[in-house]
Each structure stands twice: as C-alpha cells, then as structure tokens.
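Visitor: Have a look; sequence and predicted model below, questions after that.
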Amino acid sequence: MFKHLLKALLCALPLFAGLAQADSPVVIKFAHVVADNTPKGQGALLFKKLAEERLPGRVRVEVYPNSSLFGDGKEMDALVMGDVHMLAPSLSKFEHYAKALQVYDLPFLFDDLAAVDRFQQGEHGQQLLRSMEHHNILGLAYWHNGMRQMSANKPLQEPRDARGLKFRVQASAVLDEQFKVLRSIPRKMSFAEVYQGLQTGVVNGTENTWSNYESQKVHEVQKYITESDHGVIDYMVITNARFWNRLPEDIRSELEQVMAEVTVEVNRQAEELNELSRQRILAAGTTEIINLTPEQRALWREAMQPVWQKFARHIGDELIAAAQASNP
Ligand code: LMR
C-alpha cells in the first residue's frame, strides 16, 4: 500500500513543481566582480531592495558580488546564454561586442565624471546602450564609478617612469595600447586576480578607481598611486534582451522605473564613495599619493595621444568629437 502511495506522489511531483512554478517569483541573477562597498556593489543591492519591495512575491533578485557567480572572461557568455540575467561590466569589457564602446577607454578624453555623464545622457551615449542588441545584449543604464588613477611600487611622475614595468589592465585593446605607447608591458588580467598579481610580482603596477583600489586592498601592495585621472571606469548595466523582453509588461515597466531610480542614486554617490576610499587609503599610510603638476600631466597626455589615432577608425571621428564636446 505504502509503495503505491509513494509512487503516486513521485509521479505527481512535476505537477506540483509546475504549479509552484506558476506562482513562483521571476528570479533575476545579477552578477558582478566588485565588492559590495563600491558604487556598483551598492547599486546592485539597491536594485534588489527596490525591485522586491515594488514587486513583492513576483520578483526575486539574487546579487552575486566579487566574481562569486561569474567573473571576467565568463560573465558575458553567461549572460548571452541566459545563465545570468543582469551584469554591469566596465565599459572597457565590451570590445568584442561593440567596437564603438572603446571610446570610453581613450586616455585623457573626458576631463571628469560630469563630462562622461553628459556624453552618456546625450544622443550618442544613449544609442550605444542599444549597440549590442544583435548579440542579445540590452543596455539598461550607465552607472558611474570614477576616474582612473595609476599605481606602481615606484613613483610614476613622468611617462618615462613607467618604462619596462608590467601593468595589469582590463581586457581592452585600448588600455593594452595605452601602456605599450609608454614602453611598458600591459598584462590583461581579471579583476579578481589583481591583488595577488601585484603581491607576487606577476605585475608591478595597475590602474583603477579609488574605490576599487581600497575595496580590494590593492593599495596595500602598491607603494605609490599617482592621481592622474587619465581615464574613467564606468559601467553599462546590461541584461539578456530575450529574457527582458519576455517579462510580463507590468513587471518589466516597474523594473525599468526601479533601474532609473537606482541609476540616479548610484551616480549621485559615486564620487562621494571614491573620495571616501581615497581618504581611507591616505589614512592607511601604506601608499604615497602622488599629485602631478600641470606640466607633468601634460607629458602623460602627450605620451598617450597616439592611442587615439590607432583606434579612431574603429570608434569613429563623430563619436570622439561628441565625447570631446561633453567636456566643460
Ligand atoms: C576592473 O576590471 O578593473 C574593473 O572593471 C572592475 C569593475 O568592475 O569596476
């Protein structure tokens, strides 16, 4: 008797699972490679909070920080395949999907984050959000982090100081070239490997934002950080287009509203979070922060200028001009 009852139950399981499926929430997996206490980390958590408050029981957002689900080199394929639903990669990591996005990596193109924001909110920046749809990738928003600084275990005051050093770069041909024109040696490396790469000497230096330096304790293995502001690390929040477009219309429009609100908050606090990280690095006493004179900064700008010529034909002169026009 019991055996028959058990068998009947096991046969009915898929039905129950199906029924549960009908009432179960839409699960959105949101993966990224940084710590929670960064602009992007805070943004992902705020998106989760507001999405679940506004759509109780209908949406559950699972946030996976610090490369805990997918890291560099795997996250984009996972999104296209639908194994993860949302990412916010650095704009440096899209060259295989949209060459035009390389505009964001051109050294000394944007004077500050406000200029980046003006470009992103303009016609060209908004078009770039939709530049990867043929790859099933939909751009939902731009989130700020901050301007890029550079670091090594020797002072970087003038371009010749970088010669012969090995610098970790993101997976970006533009950033690779940026260090090659300085006659140094770029090493593409995932973000999760940066600390260990510097600690073991696989690389001698790197570049990043204050919040990424501090949240990964990279300043503890770099004696000098040069406040160069020579580039930007910003993000495009992306989703699997097929997944997003198949959401029930009321859920999708609520999530778009939530994304808009979260974007305002992330971008409002990005510079504040980076300044806090800079102060913490100063207070830690592990690292000397080098400020460049205007003449020294001009030398870095001039040394990196050849990078523009090499990538202008991929990016397009119109896009570069539009980005330049966003400067004050
Ligand atoms: C990096 O790889 O250095 C950055 O893109 C990490 C991040 O997402 O801020």
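Guide: Now that the structure is in, tell me what you want to look at.
Visitor: Quick check: residues of the stretch 201-328 of the chain near the ligand?
Guide: When proximity is defined as CB under 6 Å from any ligand atom, the stretch 201-328 of the chain approaches the ligand at 208, 212, 233. Yep, even glycine has a C-beta here, placed from its N, CA and C like the rest.
Visitor: Rebuild these as a markdown table, extending it with pLDDT, neighbour count and distance to P65.
Guide: Written out in a markdown table, the entries for those read as follows (pLDDT from 0 to 100; neighbours: other CB atoms under 10 Å; distance: CB to CB, whole Å):
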| residue | pLDDT | neighbour count | distance to P65 |
| --- | --- | --- | --- |
| N208 | 98 | 26 | 16 |
| N212 | 98 | 27 | 13 |
| I233 | 98 | 24 | 16 |
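Visitor: ok, of those residues, which one's closest to L87?
Guide: Distance from L87 was checked for each of those by CB to CB. The minimum falls on I233, at 14.8 Å.
Visitor: Could you check which residue of the stretch 151-300 of the chain lies nearest the ligand?
Guide: Checking the stretch 151-300 of the chain residue by residue against the ligand with CB to the nearest ligand atom singles out F191 as nearest, at 3.5 Å.
Visitor: What count of nearby residues applies to that residue?
Guide: Neighbouring residues of F191 were enumerated by other CB atoms under 10 Å; the total is 23.
Visitor: Start at 38, not 1
Guide: Sure thing, new numbering starts at 38, so read that last one as F228.
Visitor: which intervals of the stretch 88-237 of the chain have sub-threshold pLDDT?
Guide: Counting by pLDDT under 70, the stretch 88-237 of the chain contains no low-confidence range.
Visitor: Could I get the contacting residues of the nearest residue to N173 once chain neighbours are set aside?
Guide: Counting by CB to CB, 6 or more residues apart in numbering, the nearest residue to N173 once its immediate chain neighbours are dropped is A278, at 4.9 Å. With contacts defined as CB atoms under 8 Å, 6 or more residues apart in numbering, A278 is in contact with 170, 173-175.
Visitor: List the buried residues for stretch 192-202?
Guide: Buried residues in stretch 192-202, defined by neighbour count with 16 or more other CB atoms under 10 Å: 193-194, 196, 198-199, 202.
Visitor: repeat for stretch 76-94
Guide: Of the residues in stretch 76-94, those with enough neighbours to count as buried (16+ other CB under 10 Å) are 76-85, 87-89, 92.
Visitor: do the same with stretch 105-123
Guide: Going through stretch 105-123 with 16+ other CB under 10 Å, the ones that come out buried are 106-109, 112-113, 115-117, 121-123.
Visitor: Over to stretch 257-277?
Guide: Using 16+ other CB under 10 Å as the test for burial, stretch 257-277 gives 258-259, 261-263, 265-277.
Visitor: In strands only, show me the residues you listed.
Guide: Helix and strand membership here follows DSSP state E; of the buried residues of stretch 257-277, those in strands are 261-263, 265-277.
Visitor: Could you find the closest non-adjacent residue to the closest residue to the ligand within the stretch 38-187 of the chain?
Guide: Of the stretch 38-187 of the chain, the residue with the smallest distance to the ligand, taken as CB to the nearest ligand atom, is S127 at 3.1 Å. Counting by CB to CB, 6+ apart, the nearest residue to S127 once its immediate chain neighbours are dropped is I270, at 5.4 Å.
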